[in-house]
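**Q** can you look at this prediction? I've put the sequence above it.
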Amino acid sequence: MFFTYLRRELRNRRKQTVVVAIGLAVAIALVIVVNAVSTGVRNAQAEVLESVYGVGTDITVTQASEGPGEGGGPGRFDFGEGEGEAGEDGTRNLAQDRLSTAMGSTSFDAAALESVAGLDHVSGVAATLDLQNMSFSGEMPDFEAMQEGGGPVDLRMDADGSGEGSAGGSSFEIEQFTVTGVDPDAAAVGPLTTATVADGRTLAADDENVAVLDATYATQQELAVGDKITVGGEELEIVGTVTSTTGDDVATASDVYVPLATAQTLADLADQVTDVYVQVDSAENVDAVAAAIEGELPDASVSTQSDLAEGVTGSLSTASDLIGTLGTWLSIIVLAAAFGLAILFTVSGVNRRTRELGTLKAIGWSKGRVVGQVAGESVVQGLIGGVAGLAIGALAVWAINLAGITLSGGTSGGGFMMGGPGGGGGGGAMPAGGGQGAEGGGFGAARPGGLADAASSAVDVALQAPVSLWIVLAAVGLAVLGGLVAGVVGGQRAARLRPVEALRSLA
Amino acid sequence: MYQIDDLTKTYQQGKRVVRALKGVSLTIGDGELVAVQGPTGGGKSTLLQMLGGLDRPTSGTVKLDGTDLAGMSDAQLTAARAETIGFVFQNFNLIPTLTALENVETALVPAKVPRQTRTARALAALESVGLGDRGDHLPGELSGGQQQRVAIARALVKNPKVLLADEPTGNLDEETRDEIVDLIEGLWKEQGLTIVLVTHDSVVARRTPRRLRIAKGAVKDLTAA
Ligand SMILES: Nc1ncnc2c1ncn2[C@@H]1O[C@H](COP(=O)(O)OP(=O)(O)OP(=O)(O)O)[C@@H](O)[C@H]1O
Ligand SMILES: [Mg+2]
């Protein structure tokens, strides 16, 4: 009788049932989508972190530069008077190659590696030297002539990070790529853990003056195994290319990898490193180890995975913020509205059925049975809503995954300066008067922020929003809870009904 | 069957106190068919509520088979309504979404009668009111008289000791009214039930062996004189 009666009631109140179920369904679908997308975004962040820092890295140790210019940011090319070949019209052909630490990061003594390795619970360490190679080649105008002619010269840079300028008789090219010196022995930790060999081989322990290229970068530059690449003025042989294991079309952390010792020599930074990657034996010790490293190396900035996640930038961080705040609040509001709707309809249903429910009490139905009947109806409404919401939510998530939304992200910590795709573009207008004061043409290529690494290090990750079993259960549970809450409120009303209501004349 | 002693019931209506029953004492014997008449607002329905354990008296006792309904717990009252007392209402009060047969079955739900027995007994009860072929009709598909027959079947399917009916013919035309009264009379004769029938209608009242009149909360036995 319980189910017969329940079914008949719900069918009879089809409209209310549908409205309540739809309300709950929308709320549930939203909860599922928000959860799935935020999980997807979190996974994407982890992917970005993995591709930058490598798998299994729990802590990274870097040292922030104390000020601009400190650590010799790569942005400056100084040409002495008379340098380069002078052209007929007074212009000069210049070429220079600079290899130095990236903006915002400083190298520090490799001895830090030993002190970190000596700490408790540290199961692996590796150090890298992250460098920036900038090469400048081109034709500079005769500054003396320019000053007479007057007017600033605009040099615009292209979005891909390589600048080309041609104005006032000058044309030059700035090319840059990232170089990471890695310790071939410490393969278990560090940025190369998420890279796999695409062609040739990876770096070996006794390698010297060779390079491994990111496959994407190699393709871009039309370089292959066996070719040469000039790093810090030295020609290195390319012995292999690597791709990221975290996803298709994901670039690895750096454009060029060289043995640590080679990097140190070329950059003239003997025994210096920029990043130390630390693996901790178990997750619960991460914070303790981080604190110990901070104690050991007071000048270093120590970041744990969760710190690093906060440092993820780009559209990924926007998505993460959006989902985190807007999505959560939206689901709470819609959920509350759906609950309210369910309660409202249940209570009004009970009010309309005063005489009916009173009659049941009058013919001997217990309070509990009447309440159970009313609550049962609401719970089933909730269940219908939950299942419908599940279907809608799953469909929406499926559509989102199918849409192939790519998020791009980089990290702002650890000495990386990354923008979204094209983030480095546009802003390259430089007044050519930058070096005017220096007689003979000191040309300060004051680097616009974000230009560095824009092309190479931002990682594009396709958003894959997963629907986990527990969220499915939680969502349906939430819908049933909504029904239950409505049922309890409506049931309480039904419980208070007295059997004499049966005798009331028609309402 | 009923031993009523100094029964009063007062209602609080705002600041006004309505005394619906003012010290009623009354005995109704086993197997009696009693009609209760009286002007509107006289207290007929109130008395029936007291007899049926739908509400509690303000003071006095209502003994049903020697047990005072006024002293029972809610659960005991519910059980008494489920087992001993059958109710028929002026507005039939069928559950609109349930079929005639299912409506009759609802009366057997508290007794936890197994499903098959329940259906069989409900069908038998429907047959006894002449509606054996209308079991699958919804109340909305039945005439007023038919609906009241279903309600009577629902009241009687559990074999109660008493049948309490509050104006069972109040919403019916004369012809149907006579049919229903015939039915109740027939069941009374057949089953030896105790029946208390509240009615406005003198035609109905005249057919019963005992008649009471309630006015202004006081009872007068019209047949005792
Ligand atoms: N729940 C209630 N609250 C307040 N007053 C009530 C309530 N129920 C009944 N009364 C009052 O008690 C008195 C008796 O009412 P009752 O319903 O018993 O009369 P009745 O004889 O059945 O009348 P009718 O023939 O109109 O059905 C009336 O004055 C009525 O207004
Ligand atoms: Mg009445």
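**A** On my side now, so go ahead. Ligands and ions are numbered 1, 2, ... in the order given.
**Q** on the three-state scheme, the residue in chain A that chain B sits nearest to is what?
**A** At 2.6 Å from chain B, A:Gly364 is the closest residue in chain A, using CB to the nearest CB. For the C-beta atoms, the positions are set from N, CA and C on the backbone; glycine is no exception. Per DSSP: H, G, I helix; E, B strand; the rest coil, the secondary structure class of A:Gly364 is coil.
**Q** do A:Ser135 as well
**A** Quick answer, by three-state DSSP: A:Ser135 is strand.
**Q** isn't it up against A:Ile229?
**A** No: using CB atoms under 8 Å, A:Ser135 makes no contact with A:Ile229, being 10.7 Å away.
**Q** returning to what we had before: how many residues are close by the residue of chain A closest to chain B?
**A** 28 (other CB atoms under 10 Å in any protein chain shown).
**Q** isn't it up against B:Ala82?
**A** Yes: if you go by CB under 8 Å, A:Gly364 and B:Ala82 touch, sitting 2.6 Å apart.
**Q** give me the common contacts of these two.
**A** With contacts defined as CB atoms under 8 Å, 6 or more residues apart in numbering or on different chains, the residues adjacent to both A:Gly364 and B:Ala82 are B:110, B:158.
**Q** what about chain B, any weak spots by pLDDT?
**A** B:224-225 (pLDDT under 70).
**Q** point out the residues in it that sit beside chain A.
**A** Remark: the part of chain B in contact with chain A comprises B:45, B:48-49, B:52, B:54-55, B:74-75, B:78-79, B:81-83, B:85-87, B:89-91, B:93, B:95-98, B:102, B:105-107, B:109-110, B:154-155, B:158, B:166, using CB under 8 Å from any CB of the partner chain.
**Q** filter those residues to the buried ones?
**A** Burial by neighbour count, 16 or more other CB atoms under 10 Å in any protein chain shown: within the residues of chain B next to chain A this picks out B:45, B:48-49, B:52, B:54-55, B:78-79, B:81-82, B:85-87, B:89-91, B:93, B:95, B:97-98, B:102, B:105-107, B:109-110, B:154-155, B:158, B:166.
**Q** where do the strands sit along chain B?
**A** B:2-13, B:16-28, B:33-37, B:59-64, B:67-68, B:85-88, B:162-166, B:194-198, B:210-215, B:218-221 (DSSP state E).
**Q** quick check: nearest residue in space to the residue of the stretch 51-200 of chain A at minimum distance from ligand 1, chain neighbours excluded?
**A** Relative to ligand 1, the nearest point of the stretch 51-200 of chain A is A:Asp58 (73.1 Å; CB to the nearest ligand atom). In space, and not counting its chain neighbours, A:Asp58 is closest to A:Val280: 4.3 Å by CB to CB, 6 or more residues apart in numbering or on different chains.
**Q** same deal with A:Ser282?
**A** Nearest one to A:Ser282, counting by CB to CB, 6+ apart, is A:His121 at 7.4 Å.
**Q** check contacts around the closest residue to B:Ala165 other than its chain neighbours.
**A** Computed as CB to CB, 6+ apart, the closest residue to B:Ala165 that is not its neighbour in sequence is B:Val88, at 4.0 Å. Listed by CB under 8 Å, 6+ apart, the contact set of B:Val88 reads B:148, B:151-152, B:155, B:163-166, B:168.
**Q** show me which residues of the stretch 151-300 of chain A sit near chain B.
**A** Counting by CB under 8 Å from any CB, the stretch 151-300 of chain A has no residue next to chain B.
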